[in-house]
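Peer 1: Give the three-dimensional model of this entry:
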Amino acid sequence: MTTRLLILALALLQPLWFFVLAEPAVLPPAVATAVKLVPILPALVLAALNHRAAGFWGGLAALFYFSTGVMEAWSHPAAALPAWIEIALSLALVFSASWAGLRARAAKRGAADAGPQ
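Peer 2: Next comes the predicted model:
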């Protein structure tokens, strides 16, 4: 559930960023929004269908959003706020999508460390 909400939040941030918070200098806001929405679209569709692969595709898209967020935060001071929000949402999405696997791996390791009794 959290992963799906984070995917939606990243998708909703894009039009908010380009139409309200910081208009792009070169492209029209609609074009910039469309370009930035492309990486999250597979995860958005899968999340809407409640498919288990939504987290994987959302995490993959989050890598792109993290990279562009860092680039925007450092190169365009006017866009720093939405860029840092994008960075935070991207990190949260990666951890949310990976949490079940990390927990299972830790449990498996804990069981192996306990050994036979």
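
Peer 1: The helix or strand harbouring A73: which residues count as buried?
Peer 2: Element membership for A73, per DSSP states H and E: helix 54-75. Residues of helix 54-75 classed as buried: 54-62, 65-66, 68-69, 72-73 (neighbour count, 16 or more other CB atoms under 10 Å). C-beta here means a position set from N, CA and C on the backbone, and glycine is covered the same way.

Peer 1: tell me what the helix or strand hosting L6 is packed against?
Peer 2: Here L6 sits within helix 2-16, counting by DSSP H and E. Under the contact criterion of 3 or more CB pairs under 8 Å, 6 or more residues apart in numbering; DSSP states H and E, helix 2-16 touches helix 29-37, helix 41-48, helix 54-75, helix 80-114.

Peer 1: Now find how far off-centre the last one is within its chain.
Peer 2: Remark: helix 80-114 is offset 12 Å from the chain centroid, using CA atoms, centre = their mean, to the nearest Å.

Peer 1: Much appreciated, bye for now.
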